[in-house]
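> heads up, no residue letters with this:
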C-alpha cells in the first residue's frame, strides 16, 4: 500500500511509520515540526525513519492548500495522527487547537475526498471525549460533556468524520487513544516530565496525592492496534466506526512515580497540588470492540513498559544515539533491518 501518515515526526506517528516501513509499505510522512516541545526530538525521530520507501514533507495540516497538494492518486490509506495535543495547554493556546484539530482535520477529510483509490482513513481521537464519565469507558457512552477544549475538538473531529462518511462514503476509523507512553515519547506528558525532573533533582507536581488513575498504554501495543484497524476498513452505511485503544487497566499516578523512581534509582521530591479542572479522576478503556475486530490484546504491563522507557530515556539524555544505530529500548524483532 501507499500510505500518508500525518504527524510522522510525533510520538505515535513515528512508531506507526516505522512499523509500516518494516512491513514493506510505501509511506509519505508529513509534520509541521513545531516547537510545542523540543524540535530536536522530532528531528531525531525523522532521522531514524530514513528509508527508500519513506518520503517526508514539512506540511502544516491547517494550511489547506498545502494539504490539498498531497493528493497523489496512488494513495490507498491515510493514518491521521497530527494534532495539537495536551489537555491543559488548550486553556493557554485555544486557537492552536482550533487550527490544528478542527481546520486541520477538515483539510484531511477534504484530501480524502479527492483521492480516488482511498480505502481507509484512520484518525486519532482521544479518551478525553469521555469527560467525567464513570469508567470503564465504552464506545456507546454519551460524550457530549467535554471537560476541556482539547476534548471538545476531538469530539468535533468525530462528528465531522461521520458527516463525510455519510455524504461521500469515505471509510473511516476513529481511535480513542488512552494515555500512550514509551520510548521516543512526548516530553509534555507526565511520565516523561517526571523522569526529567527526578534525574535532575527537581521537584515534581503530583495532583490529588497521586490518586488520579490512568489507563497507561504502551506504544508497541498501540501500534499493533493501529495497524490491525488500518487493515480492516469498515463497510457499513455509513462506513465509519469509533474504537477505544487502551490497556483496559487503570493504575495510579503514585504507582507510575514509584516505577520511575525504581528505574532511575532516585527518589522524587513531590509537591502536592489539587486536581486541575480539566483533568479527570480516572480513565479505563473497554477494549472489547477492537479486540473482536483486530485481535487487539494489550501485552505490556506498566512495570515492563516504564523499564523500557527508562532505558531509552537514559540513552537519550546521554546522547548515545547515532545515525543507523539500533534503538536500545526496542526489542530485536521491532528493529529495522540493515
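Thanks, I have the structure now. A quick note: this is a predicted structure, and the numbers were derived from the prediction, not measured. Numbering: from 1, shown residues only.

> how much space between residue 203 and residue 273?
Distance, residue 203 to residue 273, using C-beta to C-beta, to the nearest Å: 11 Å. Quick note: C-beta positions are derived from backbone N, CA and C, even for glycine.

> tell me, how many residues neighbour residue 132?
10 (other C-beta atoms under 10 Å).

> what sits against it?
145, 147, 280-281 (C-beta atoms under 8 Å, 6 or more residues apart in numbering).

> wasn't it part of a strand?
No: using DSSP: H, G, I helix; E, B strand; the rest coil, the secondary structure at residue 132 is coil, not a strand.

> return the distance of it relative to residue 142.
Taking C-beta to C-beta, one finds residue 132 at 11 Å from residue 142.

> show me what the closest residue to residue 53 other than its chain neighbours is bridged to.
In this structure, residue 53 finds its nearest non-sequential neighbour in residue 26, 4.8 Å apart by C-beta to C-beta, 6 or more residues apart in numbering. For residue 26, the beta-bridge partners under DSSP bridges are residue 2.

> pLDDT value on residue 26, please?
Per-residue pLDDT puts residue 26 at 98.

> can you give me the buried ones in stretch 68-88?
70-71, 75-87 (16 or more other C-beta atoms under 10 Å).

> got it, and stretch 119-135?
Buried-residue list, stretch 119-135, by 16+ other C-beta under 10 Å: 119-131, 133, 135.

> let's check: the centremost residue of the chain is which one?
residue 12 (4.4 Å; C-alpha atoms, centre = their mean).

> go ahead and confirm that one touches residue 222.
Yes: between residue 12 and residue 222 a contact is recorded at 6.3 Å, counting by C-beta atoms under 8 Å.

> residues that sit against both of these two, list them.
Contacts common to residue 12 and residue 222, judged by C-beta under 8 Å, 6+ apart, are 177, 180.

> in a helix, the residue nearest to the centre of the chain, correct?
Yes: counting by three-state DSSP, residue 12 is located in a helix.

> against residue 227, how distant is it?
Counting by C-beta to C-beta, the gap from residue 12 to residue 227 is 12 Å.

> what does residue 117 give?
Distance from residue 117 to residue 227, by C-beta to C-beta: 19 Å.

> which one's more surrounded, these two?
residue 227 (18 against 12).

> ok, and the closest non-adjacent residue to the more buried one?
The shortest distance from residue 227 to any non-neighbouring residue, by C-beta to C-beta, 6+ apart, is to residue 19 (6.1 Å).

> okay, now that neighbour: neighbour count?
Residue 19 has 17 nearby residues by other C-beta under 10 Å.

> which secondary structure state does it sit in?
helix.

> now it: how far from residue 69?
26 Å.

> again, but for residue 309
For residue 309, the distance to residue 69 (C-beta to C-beta) stands at 37 Å.

> what's the answer for residue 187, then?
31 Å.

> now do the helices in the stretch 101-250 of the chain.
104-114, 149-168, 190-200, 219-230 (DSSP state H, counting those that start in this stretch).

> and of those helices, who's closest to residue 265?
helix 190-200 (9.5 Å; C-beta to C-beta).
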